[in-house]
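>>> Give me coordinates for this.
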Amino acid sequence: MATIKKVENKRGLAYKIGFMHPETKKWTTKRVRCSHKDALRIKAEIEKDVAYGSIGKRNPNLRKIYWSQLKLKYVKYSKRNKSSKTVDRERIILKNLESFLEGDIPAEKITFNTIERFKETRLKQGISPATVSIECRCLRAVFYKAIEWGLLKKNPVKGITLPKIEEVTVRFLRIEEVEKLLTIIKDDGNIVFLRLVTAYLHTGARRNELLPPLFTWDNVNFKERNILIHGIKRQTRRYIPMNNTLHKIFKEIREENPDTPFNFRPDFITHKIAKYYKTAKIKGANTHSLRKTFGSLLIQNKKADIYTVSKLLGHLSVRTTEKYYVDLIDDNYKAAVDGLDDLI
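Below you'll find the model as predicted:
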């Protein structure tokens, strides 16, 4: 028997259907976004397929599915269920494996050794361990989906050891570096870009999160003094309070009456900020460093705890925030305990 459960999140109403997969012998869930009536119909179809052994067995009409066919089928599935950015990333990963394979081979010929050789080759090409790990996780999902569709019996990525990822080193700017950077941009007469950089420093937004189409005047609420950030990951949303600096910036821009607050191309911002870093002799920093600086300044100056910073940055888990700011947190813990000297 399959189960059905209504779930609600920021993406809306959905139904989660669970059943015991006859091939993997694992509890499997399928999430569908439809009416309750349609969800019950899908549940009944799944129960029927499980009973008749249609799930987990090879489709007789697809006795030998080739990698190109599986890739195409998975991309179509991905387009229906994931963000365009995720689809683009997965498409690149699938193409990378396709380039590694010797021609278009049957998907069942892709073995554990094939994936292991692919992993080692990518690492030898200088691809970072973090990127190779993402590729392996993506391919694992592809082959599990193929098993669910009844096209394959085994997942060749199962058991693959992911590359060891070095500890994350966060490059944030010191306050004197921030002042130097802003001064150089101001001296260059680029007030529009100065406003954008300042906005990044006061919101902790990712590069694209302050640019159209994600960010327009509809995201700026002068009455409530906050801005709405549409996250580029998993279509999340978060509100950032508009402090006096942000309020002044957006008010000045609004008075100039542009169609959108910041009308820049992402690549232009990356190259422009790199130019200003070079002029300021700030090494090892990039556009994302502005986001990291937002979090580090709040923690270092005890303006917010790790949980608040995690929410402001839009991290799905506070563990992610702790990973990036562990050194600063340790310093704050030490300072907190040292503070007992004055109390006891």
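>>> Only C-alpha atoms from now on, for both contacts and neighbour counts.
Will do.
>>> Just the CA coordinates for the longest helix along the chain, please, in PDB.
Assignment by DSSP state H gives helix 129-148 as the longest helix of the chain. Listed in PDB are the C-alpha atoms of helix 129-148, where the atom choice follows Å, rounded to 0.1, in the frame of the first residue of the first chain:
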ATOM      1  CA  PRO A 129      37.200  18.300  -5.500                       C
ATOM      2  CA  ALA A 130      34.100  20.200  -4.600                       C
ATOM      3  CA  THR A 131      33.000  20.400  -8.200                       C
ATOM      4  CA  VAL A 132      33.800  16.700  -8.800                       C
ATOM      5  CA  SER A 133      31.700  15.900  -5.700                       C
ATOM      6  CA  ILE A 134      28.800  17.800  -7.100                       C
ATOM      7  CA  GLU A 135      29.100  16.000 -10.500                       C
ATOM      8  CA  CYS A 136      29.100  12.600  -8.700                       C
ATOM      9  CA  ARG A 137      26.100  13.400  -6.600                       C
ATOM     10  CA  CYS A 138      24.200  14.600  -9.800                       C
ATOM     11  CA  LEU A 139      25.100  11.400 -11.700                       C
ATOM     12  CA  ARG A 140      24.000   9.300  -8.700                       C
ATOM     13  CA  ALA A 141      20.600  11.000  -8.800                       C
ATOM     14  CA  VAL A 142      20.300  10.400 -12.600                       C
ATOM     15  CA  PHE A 143      20.900   6.700 -12.300                       C
ATOM     16  CA  TYR A 144      18.600   6.300  -9.300                       C
ATOM     17  CA  LYS A 145      15.900   8.000 -11.300                       C
ATOM     18  CA  ALA A 146      16.700   5.500 -14.200                       C
ATOM     19  CA  ILE A 147      16.200   2.700 -11.700                       C
ATOM     20  CA  GLU A 148      12.900   4.200 -10.600                       C
END
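>>> I'd like to know which elements the helix or strand where residue 298 lies is packed against.
With elements delineated by DSSP states H and E, residue 298 resides in helix 288-300, which encompasses its position. Contact partners of helix 288-300 among helices and strands, from 3 or more CA pairs under 8 Å, 6 or more residues apart in numbering; DSSP states H and E: helix 191-203, helix 306-313, helix 326-338.
>>> Pull out the buried positions in it.
With burial defined by 16 or more other CA atoms under 10 Å, the residues of helix 288-300 counted as buried are 288, 289, 290, 291, 292, 293, 294, 295, 296, 297, 299.
>>> wait, is residue 34 part of a strand?
No: under DSSP: H, G, I helix; E, B strand; the rest coil, residue 34 sits outside any strand and is assigned coil.
>>> The chain - how does it break down into domains?
Taking automatic domain parsing as the domain assignment, the ranges for the chain are 3-56, 61-148, 175-339.
>>> distance between the longest one and the chain's centre?
Going back to what we said before, that points to domain 175-339. Per CA atoms, centre = their mean, to the nearest Å, the displacement of domain 175-339 from the mean C-alpha position of its chain is 17 Å.
>>> low pLDDT regions in the stretch 201-344 of the chain?
Low-confidence regions of the stretch 201-344 of the chain, defined by pLDDT under 70, span residues 233-235, 327, 329-344.
>>> rewinding a little: dump the domains of the chain to JSON lines, plus distance to residue 157.
Rendered in JSON lines, the data for those read as follows (distance: least, CA to CA, whole Å):
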{"stretch": "domain 3-56", "distance to residue 157": "15"}
{"stretch": "domain 61-148", "distance to residue 157": "5"}
{"stretch": "domain 175-339", "distance to residue 157": "24"}
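>>> Of all those domains, which one is nearest residue 164?
When the domains of the chain are ranked by proximity to residue 164, the top entry is domain 61-148, at 6.5 Å, counting by CA to CA.
>>> so where do the strands sit in this structure?
For the chain, the strands defined by DSSP state E cover 3-9, 12-20, 27-32, 220-221, 226-230, 237-241.
>>> which of those sits most buried?
Mean neighbours per residue, mean count of other CA atoms under 10 Å, is largest over the strands of the chain for strand 226-230, with a mean of 21.
>>> what's that strand packed up against?
Using 3+ CA pairs under 8 Å, 6+ apart as the contact definition, the elements that strand 226-230 packs against are strand 220-221, strand 237-241.
>>> Which among those is found nearest to residue 16?
Here strand 237-241 is closest among those (CA to CA), at 22.6 Å.
>>> Name every strand pairing with the closest one and say which way it goes.
Paired with strand 237-241 in the same sheet, following DSSP bridges, are strand 226-230 (antiparallel).
>>> ok, residue 64 touching residue 106?
Yes: the pair formed by residue 64 and residue 106 meets the contact definition of CA atoms under 8 Å, at 6.3 Å.
>>> What is the burial count for residue 186?
The burial metric for residue 186, expressed as a neighbour count using other CA atoms under 10 Å, is 15.
>>> which one is it nearest to, not counting chain neighbours?
Nearest non-adjacent residue to residue 186, counting by CA to CA, 6 or more residues apart in numbering: residue 194, 6.5 Å away.
>>> Check the burial of the one you found by counting its neighbours.
For residue 194, using other CA under 10 Å, the count is 18.
>>> Would you quantify the distance from it to residue 188?
10 Å (CA to CA, to the nearest Å).
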